[in-house]
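1. Show me the folded form of this:
(one chain, ligands or ions: 2)
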Amino acid sequence: MKDAAPQTIYLKDYQPFGFEIDKVHLTFRLNPEKTRVISRIVFRPNPEAEERDFFLHGEELDLIWAKIDGAEVTPILEDGGLRCAVPERAFTWEAEVEINPEANTALEGLYMSNGMYCTQCEAEGFRKITYYPDRPDVMAPFEVRIEGDEKVKLSNGNPGASGDGFAEWHDPWPKPAYLFALVAGDLVNHPDRFETMSGRDVELNIWVRPGDEGKCAFGMEALKASMRWDEDVYGREYDLDIFNIVAVDDFNMGAMENKGLNIFNSSCVLASPETSTDGNFERVEAIIAHEYFHNWTGNRITCRDWFQLCLKEGLTVFRDAQFTSDMRSEPVKRISDVIALRARQFCEDNGPLAHPVRPESFVEINNFYTATVYEKGAEVIGMLKTLVGDEAYAKALDLYFERHDGDAATIEDWLRVFEDTTGRDLSQFKRWYEQAGTPRVKVRDTYKDGTFTLHLEQSTPPTPGQDVKDARVIPIAIGLLAPNGNEVVPTQVLEMTQANQSFVFEGLASRPVPSILRGFSAPVILERESDNAERAFLLAHDTDPFNKWEAGRALARDGLLAMIRNGAGPDDAYLDAIEAVARDDNLDPAFRALALGLPSQEDLAQSLYEAGDTPDPQAIWDALETLKQAQAQKMQDLATRLYAQYQVDEPYAPNAEQSGARALANAALGMISRVDGGALAQKQYDNADNMTQQLAALSCLLKAGKGAAAVTAFYDQWKHDRLVIDKWFSLQILQADPDDAAEVTQILTNHPDFTMKNPNRFRATLGALTMNTAGFHHVSGVGYGVLADWLIKLDPINPQTTARMCTAFETWKRYDETRQEMAARALDRILAQPELSRDTTEMVTRIRG
Ligand code: PHE
Ligand code: ZN
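-> Ligands and ions are numbered 1, 2, ... in the order given. From the prediction side, this is the model:
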């Protein structure tokens with residue numbers, strides 16, 4: 001818990017720190033409950049700064065002594081840090097503090113996980129390690145000495161001297177404190193080597209707990225592929241002699257890009273065919289790439305302050321998406337990313353937590369590691385690239401690396417390199433960083449005498465604190481199809497800059513069918529009157545894979561909305577069109593599996609809400625079930641054919657091709673299980689030799705109400721493996737009937753393997769409840785109640801994970817009065833906790849509105 005009084009921090013108040021640091025030396029005397037940290041830091045006055053206030057951040061530290069230039073001083077201890085009188089010239093600050101890693105359940109700073117020491121410093125965890133100017137614009141080279149009996153002792157940079165009970169590390173690259181890391185424990189490594197583009201030899205290691213060695217090979221290949229890709233595509237070479245990755249079981253987030261010592265949630269690096277699904281493999285590959293890419297976009301060029309978080313995160317997400325597209329299928333990656341963007345970011349952008357990609361204020365920065373900063377931040381970069389073109393993008397990036405290497409930079413710096421390379425004025429484009437909310441683009445079209453005109457109108461609804469929005473630059477990729485299905489105008493990018501704007505296409509022989517927002521060229525909501533016939537036409541003929549998929553999605557959505565609103569039956573137009581897609585063996589199986597998916601419950605709820613209706617989660621669930629059942633019935637023969645045809649005969653490999661085949665076969669199994677009562681799923685379960693097949697089968701069995709035996713067998717088979725047991729917890733909750741979801745959750749929280757201290761297990765359980773949409777929003781209020789109970793229990797232990805999970809309530813105002821009242825009660829109950837953390841207080845206050 002933080003004892004500093006909650007305070008809002010504003011971007012406009014930025015001031016440079018009064019001092020620069022030449023050098024940092026840290027000594028750690030490790031002990032689970034009484035670790036000593038001795039720091040020696042050379043400061044000098046910062047000529048750029050106006051103030052010389054020597055304030056060092058520090059939280060939960062026991063100061064033993066402090067010295068300036070060797071003479072003991074008595075600093076004034078304050079909330080959140082200390083102040084001290086210092087000379088007006090360069091000086092050496094030394095201090096010794098005591099910290100208690102064992103008691104650190106918040107998992108920020110230095111903590112213990114399964115007997116191993118590890119750190120998490122982003123964003124403001126370093127202040128729990130020692131007194132320091134814990135802000136990203138203060139950069140320094142670090143030297144670290146670790147004293148302890150642990151077999152393995154790691155920190156950032158290159159290894160220095162080591163011997164009996166100690167190890168030293170030197171990081172020559174100046175870095176902010178948030179990139180500091182230390183790991184010590186009885187770990188084992190999976191080693192490899194990499195030769196960089198200039199011929200330097202780099203030692204690579206993935207460090208894990210004994211027993212997990214067999215789960216490192218895939219991650220190592222992904223690391224080497226990432227290193228090569230960043231050289232090939234961005235010309236970026238690795239810059240140390242060694243690159244270490246460590247797997248940690250207790251971790252709040254996915255992974256962390258600490259310089260030369262990336263720390264990973266074990267779920268994001270460990271992978272083996274028996275224990276990981278195809279989806280897990282793809283995620284591991286993407287996160288390894290993401291953290292590695294941060295070495296240039298984040299570490300060599302870091303952020304001036306935390307308002308600039310999207311500078312490193314948006315760009316790094318964009319880069320990892322490019323990598324995944326190159327390694328696997330570009331359309332499949334794009335479609336999956338848009339599904340996720342709509343599910344998480346659109347929800348955020350259209351609710352009480354909406355904030356700009358670059359926020360202007362915050363209370364707790366941990367609450368701003370959001371889908372908006374990350375995913376919308378990446379979309380903004382994608383738009384920039386679309387607008388300036390690939391070549392100019394490449395030039396701008398070269399200039400960015402050249403001009404800002406070693407800097408703590410801003411979004412202004414980032415945009416300026418694009419302005420300087422292209423001569424474009426990006427002041428209007430900048431609104432994407434400054435204005436929250438998802439723009440709506442309304443499209444009408446007219447056709448006369450061979451001329452086709454698109455009339456576009458953009459508007460963005462108000463968001464908290466931002467009532468008025470200005471028109472943005474929106475790149476709208478478009479193509480035109482002739483009625484026979486031929487493409488008459490290939491993809492071109494329309495640049496919309498005004499609130500109302502028309503675009504004219506001349507010389508057309510007949511009225512074309514427009515394919516608008518190809519590749520999802522901008523993160524907007526497209527509003528266009530369209531009919532089933534046109535959608536089916538695009539689904540059949542569009543050359544743009546994204547819009548082909550989108551047409552099927554729109555058909556499904558409209559049909560479902562009619563089912564929900566007026567009790568209509570399943571839409572035959574949709575069922576026929578999607579069956580034709582599923583049947584088409586010329587299409588990528590992975591694409592077909594995606595096309596067979598349906599809009600999420602959240603997606604439908606948002607559509608209803610936007611149209612002025614009050615969504616009923618149970619009615620949405622019922623409609624989805626009815627449609628899936630109808631689809632299963634109608635497609636029985638095809639499903640049986642696809643299931644047989646897409647069985648993979650070769651040994652398991654988590655590549656795009658095999659994963660796609662399994663995804664389609666498992667989609668078919670889902671349909672078959674709705675008809676055969678789970679017989680085939682049981683067979684697949686019994687024969688599965690990989691987790692993708694085993695888990696898909698278990699999921700179908702649970703859905704069919706035949707899961708009891710498999711659930712027990714699965715537990716017995718995997719009880720020694722934490723990551724697999726996480727799946728066991730979550731799947732039972734995800735597949736529970738909405739009426740039972742909260743109860744199943746509660747029962748599982750009583751299981752001996754449930755623990756609040758491990759964020760993965762907590763998310764697998766309570767997080768799964770929030771993802772069982774109709775169960776969480778159950779009209780009885782029991783879903784809200786169970787979540788609130790557990791968030792209240794978790795907050796004193798781990799504020800960061802508690803605050804994150806509060807976002808489950810962010811849509812509460814969409815629903816009916818009864819549900820709103822119960823949600824409000826749950827939120828108020830959380831807020832009423834006497835010592836509620838700053839993290840959770842800020843989140844719940846914003847959500848409550
Ligand atoms: N910077 C990390 C990433 O995106 C995320 C992270 C943030 C991890 C804060 C831990 C704490 O790669
Ligand atoms: Zn990142």
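2. quick one, what contacts the closest residue to ligand 2 within the stretch 551-700 of the chain?
-> Residue of the stretch 551-700 of the chain nearest ligand 2, by C-beta to the ion: residue 654 (22.7 Å). (Each C-beta comes from the backbone N, C-alpha and C, glycine too.) Neighbour list for residue 654: 218, 271, 273, 276, 278, 281-282 [criterion: C-beta atoms under 8 Å, 6 or more residues apart in numbering].
3. Any chance of CSV for these, columns distance to residue 44?
-> Below are the contacts of residue 654 laid out as CSV (distance: C-beta to C-beta, whole Å):
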residue, distance to residue 44
218, 47
271, 47
273, 55
276, 50
278, 53
281, 49
282, 48
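4. Looking at those residues, state which has the most neighbours.
-> Among the contacts of residue 654, residue 278 has the most neighbours (other C-beta atoms under 10 Å), with 27 neighbours.
5. Residues of the chain that sit close to ligand 1?
-> Contact residues, the chain versus ligand 1 (C-beta under 6 Å from any ligand atom): 120, 122-123, 253, 255-257, 290-291, 313, 369.
6. how far away is residue 199 from residue 173?
-> 20 Å (C-beta to C-beta, to the nearest Å).
7. more neighbours, those two?
-> residue 173 (20 against 6).
8. Direction included, what does the host helix or strand of that one pair against?
-> Using DSSP states H and E, residue 173 sits within strand 166-175. Here strand 166-175 has these sheet partners by DSSP bridges: strand 140-147 (antiparallel), strand 158-163 (antiparallel).
9. What are the boundaries of the helices in the stretch 451-600 of the chain?
-> 532-541, 545-566, 572-583, 589-596 (DSSP state H, counting those that start in this stretch).
10. what does the stretch 301-450 of the chain give?
-> 309-327, 330-340, 346-349, 371, 377-388, 390-404, 411-422, 431-434.
11. counting contacts, what elements does the fourth one pack onto?
-> Read it as helix 371. Helix 371 is packed against no helix or strand, with contacts defined by 3 or more C-beta pairs under 8 Å, 6 or more residues apart in numbering; DSSP states H and E.
12. Can that helix be said to contact ligand 2?
-> No. Helix 371 stays clear of ligand 2 (C-beta under 5 Å from the ion), getting no nearer than 12.8 Å.
13. who's in contact with that helix?
-> In contact with helix 371 (C-beta under 8 Å, 6+ apart) are residues 341, 344-345, 347-348.
14. now the third one
-> Outside helix 346-349, the residues within contact range by C-beta under 8 Å, 6+ apart are 354, 370-372, 376, 436-438, 463, 523, 525, 602, 606, 807, 810-811.
15. Would you mind giving the secondary structure of the closest residue to ligand 2 within the stretch 1-150 of the chain?
-> In the stretch 1-150 of the chain, the residue that lies nearest ligand 2 is residue 122 (8.9 Å; C-beta to the ion). With DSSP: H, G, I helix; E, B strand; the rest coil as the basis, residue 122 sits in coil.
16. pLDDT at the closest residue to it other than its chain neighbours, what is it?
-> Distance criterion C-beta to C-beta, 6 or more residues apart in numbering; nearest residue to residue 122, sequence neighbours excluded, is residue 178 at 4.3 Å. With respect to pLDDT, residue 178 has a value of 99.
17. And for the closest residue to residue 568 other than its chain neighbours, the neighbour number?
-> Setting aside the residues directly before and after it, residue 568 is nearest to residue 562 in space (C-beta to C-beta, 6+ apart), at 4.1 Å. When neighbours are defined as other C-beta under 10 Å, residue 562 has 15 of them.
18. And residue 562, how close does it get to residue 77?
-> 65 Å.
19. go on, residue 662?
-> Taking C-beta to C-beta, one finds residue 662 at 59 Å from residue 77.
20. neighbour-wise, which of these two wins?
-> Set residue 662 next to residue 77 and count neighbours by other C-beta under 10 Å: residue 662 wins out with 25 against 13.
21. Excluding covalently adjacent residues, which one is nearest to the more buried one?
-> Closest residue to residue 662 apart from its sequence neighbours, by C-beta to C-beta, 6+ apart: residue 692 at 5.3 Å.
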